[in-house]
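Undergrad: only geometry, no sequence info:
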């Protein structure tokens, strides 16, 4: 995966900002699960692993809650600090608002003509990575939604005279920005 290669390359070239600790989930993919071991050695800082259960029922919810509490405890102990619950609450509210705007925009994509191109889906995912839980991330998602709403009301879409839609399964081909 390019993400792993990039992160490891940044670490090898000492291009990552210094960290006191790294927290990561345990479920993304095999390459992340292998790459984190290398990253841990390269960075030389403690890692905390948030174990993500694969079950989405009440048992799974209880497990993830248990692991979140456990991870918070590790972070507080390692960094000799306490979690700011008010800041966490604000971050969660902003993150939820961002997701709601993007879900609403996604609903508008079902309308013909589609107001936004496929590439925006990838950009929206990256927006969650870099702006999740921030005012800037929420505001960007709101802009995306409002733009889609405006285009739909004007009957405009990305493709003039849209006749068919093709779904690209898996991440966008980021190596060729002209594909869609």
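TA: Thanks, I have it. What you see is a predicted model; the values in this text were computed from it and never measured.

Undergrad: which residues are in contact with stretch 103-121?
TA: 124, 141, 144-145, 147-149, 151-152, 155-162, 165, 168, 172, 177, 180 (C-beta atoms under 8 Å, 6 or more residues apart in numbering). Quick note: C-beta positions are derived from backbone N, CA and C, even for glycine.

Undergrad: Which helix or which strand is home to the residue nearest to residue 38 when sequence neighbours are not counted?
TA: Leaving aside its chain neighbours, residue 38 sits nearest to residue 8 (5.9 Å; criterion: C-beta to C-beta, 6 or more residues apart in numbering). Assessed by DSSP states H and E, residue 8 sits inside helix 2-12.

Undergrad: what does residue 59 give?
TA: helix 58-79.

Undergrad: Quick one: list the elements packing against the helix holding residue 8.
TA: With contacts defined as 3 or more C-beta pairs under 8 Å, 6 or more residues apart in numbering; DSSP states H and E, helix 2-12 has these neighbours: helix 30-43.

Undergrad: Run through this structure and note the low-pLDDT ranges.
TA: 1-3, 28, 169-180 (pLDDT under 70).

Undergrad: where along it do the helices fall?
TA: Assigned by DSSP state H, the helices in the chain fall at 2-12, 30-43, 58-79, 85-108, 119-131, 135-153.

Undergrad: Mind listing what's buried along the first one?
TA: Right, the one you point to is helix 2-12. 4, 7, 8, 11 (16 or more other C-beta atoms under 10 Å).

Undergrad: So which of the helices of the chain is nearest residue 22?
TA: helix 30-43 (6.6 Å; C-beta to C-beta).

Undergrad: Work out the gap between the closest one and the centre of the chain.
TA: 19 Å (C-alpha atoms, centre = their mean, to the nearest Å).

Undergrad: Ok, stretch 62-79 next?
TA: 20 Å.

Undergrad: Kindly report the same for stretch 32-44.
TA: Using C-alpha atoms, centre = their mean, the offset of stretch 32-44 from its chain centre is 20 Å.
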